[in-house]
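Trainee: Requesting a structural model of the entry that follows:
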Amino acid sequence: MPEKVICVSSSIGNWEEKLLQRTGGVPYNFFKHWNKSVIFFGLYRPSDYIKFIFHRGKKTVIWLGSDILQAGWWYRIIEHIKADHICENYLERAILVLMLGKEIKVKPLFFSDPKRYPVSFKPNKKPHVYLFAHSGHGAEVQGGLDILHRIAPRVPDVSFHVYGLKTPPTGLVGAPAGNVQYHGVVPEAQIEIEIKNYQCHLRLHEFDGFSDGTGKSILMGQYPITRIPFPYIDSFKTETELIELLKNLKNKKKPNPYRTWWYEKLKVLI
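Mentor: Okay, here's the model as predicted:
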C-alpha cells in the first residue's frame, strides 16, 4: 500500500503532528514526493500555493475555513489545475463551487483521535458551556464574543468558559456578565479534563470549518451549538434562537443520541 503523503500549511503547523498520527502519513518533501499522491491541508500562504501548483502527482486539497476567504486571485489559477477538493460544510462548498466551478466534496474533519473522547456527559440544571478564542483571530472572534456578551445576561443559569483569552478583546462593548469567565491560555490536557464536566461547546463563528471543539463535544455526548449548520447538531440564525437552545440545555437528561452517528463520521479522517 503506498504511503500517504500530507502537506500541512505552516499556518496550521501546530496541527501537523496530530495530522500525521491520524493519517499514518509522512510529511511532504517535494524532491522525494514530487510525483506522488499528496493531500494538501490548507492553502493559506504563497508557499502553500507554489507547492500545490508545481506538484506533479495527484493532488487533494482540504480547505479548512479562512483559507477559502483569503484565496483571492489564486482561484483564477487553481480552477485550471486538476485536483480533488474537500471542505467541511455546505457554506464553504457554495463559495468554492462559485469560485472554482468544480465538484466539491463535503466532509467534516476531526484532527484528534475520536477514541480519546468516550461519552462523559452528565446532566446539569445549571449548564456549563465552553468556547475557544484567540487574539490572532481578530474581528471574527470579536464578533462572536460580542454575541456572547449580549446574550449571557439573558441566560443567568448558564456558565460560559472562554479558553484562549485572559480578558475580552479590545473593542467589545461593556463588561462580561458575571456568568462569563475568561480562562486565558490553558494547556490542552487541562482543558480536556475540565470540559468533560461541561454540557456544550459553543461555536459563534459566522464562517468556519468544523472545529475540533465541536467534535470533542459531540463525541463526549454533549450538545454542541454552532452558528453554521451541521447534521444532527443544534445551530442558530438569531440570538433569540441561541438563547432558547442555551436555556434548553438544562433539560438534557441523557448523552446526545447522535453521538454514535458522529463517531462513525469522524473516525476516519481522510
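
Trainee: Could you use CA atoms for every contact and neighbour count after this?
Mentor: Fine.

Trainee: check contacts around the closest residue to Lys82 other than its chain neighbours.
Mentor: Excluding the flanking residues, the one nearest Lys82 by C-alpha to C-alpha, 6 or more residues apart in numbering is Lys59, at 7.5 Å. Lys59 makes contact with Ser37, Val38, Ile39, Phe40, Phe52, Lys82, Ala83, Asp84, according to C-alpha atoms under 8 Å, 6 or more residues apart in numbering.

Trainee: for Leu266, same thing?
Mentor: Listed by C-alpha under 8 Å, 6+ apart, the contact partners of Leu266 are Pro108, Leu109, Phe110, Pro114.

Trainee: Next secondary structure element downstream of the host helix or strand of Arg76?
Mentor: Using DSSP states H and E, Arg76 falls within helix 75-78. For helix 75-78, the succeeding helix or strand toward the C-terminus, using DSSP H and E, is strand 84-87.

Trainee: And the contacts of the helix or strand that that following strand is followed by?
Mentor: Counting by DSSP H and E, the element after strand 84-87 in chain order, helix or strand, is helix 90-100. Under the contact criterion C-alpha under 8 Å, 6+ apart, helix 90-100 has outside partners 65, 68, 75-76, 78-79, 87, 102-106, 207-209, 228.

Trainee: residues of helix 90-100 that come out buried?
Mentor: By neighbour count on 16 or more other C-alpha atoms under 10 Å, the buried set for helix 90-100 is Tyr90, Glu92, Arg93, Leu96, Met99, Leu100.

Trainee: Just the C-alphas of stretch 185-204, formatted as PDB.
Mentor: Extracted as PDB, the C-alpha positions of stretch 185-204 are listed here (Å, rounded to 0.1, in the frame of the first residue of the first chain):
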ATOM      1  CA  VAL A 185      -4.300  30.100  27.600                       C
ATOM      2  CA  VAL A 186      -4.600  26.700  29.300                       C
ATOM      3  CA  PRO A 187      -2.700  23.500  28.400                       C
ATOM      4  CA  GLU A 188      -4.800  21.200  26.200                       C
ATOM      5  CA  ALA A 189      -4.600  18.400  28.700                       C
ATOM      6  CA  GLN A 190      -6.100  20.500  31.400                       C
ATOM      7  CA  ILE A 191      -8.800  21.800  29.100                       C
ATOM      8  CA  GLU A 192      -9.800  18.300  28.200                       C
ATOM      9  CA  ILE A 193     -10.100  17.300  31.800                       C
ATOM     10  CA  GLU A 194     -12.300  20.400  32.600                       C
ATOM     11  CA  ILE A 195     -14.600  20.200  29.600                       C
ATOM     12  CA  LYS A 196     -15.600  16.600  30.400                       C
ATOM     13  CA  ASN A 197     -17.800  18.100  33.100                       C
ATOM     14  CA  TYR A 198     -19.400  20.600  30.800                       C
ATOM     15  CA  GLN A 199     -22.600  20.200  28.700                       C
ATOM     16  CA  CYS A 200     -22.000  22.200  25.500                       C
ATOM     17  CA  HIS A 201     -19.400  23.600  23.200                       C
ATOM     18  CA  LEU A 202     -20.500  26.900  21.600                       C
ATOM     19  CA  ARG A 203     -19.100  28.000  18.300                       C
ATOM     20  CA  LEU A 204     -20.100  31.500  17.300                       C
END
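
Trainee: Need the contact partners of that stretch.
Mentor: 120-124, 127-132, 141, 144-145, 147, 163-166, 213-214, 217, 220, 222-227, 249.

Trainee: now do 6 Å
Mentor: 120, 127-131, 144, 164, 214, 217, 222-227 (C-alpha atoms under 6 Å, 6 or more residues apart in numbering).

Trainee: just checking, which of the residues you listed belong to helices?
Mentor: Applying DSSP state H to the contacts of stretch 185-204, the entries found in helices are Gly144, Thr214, Ser217.
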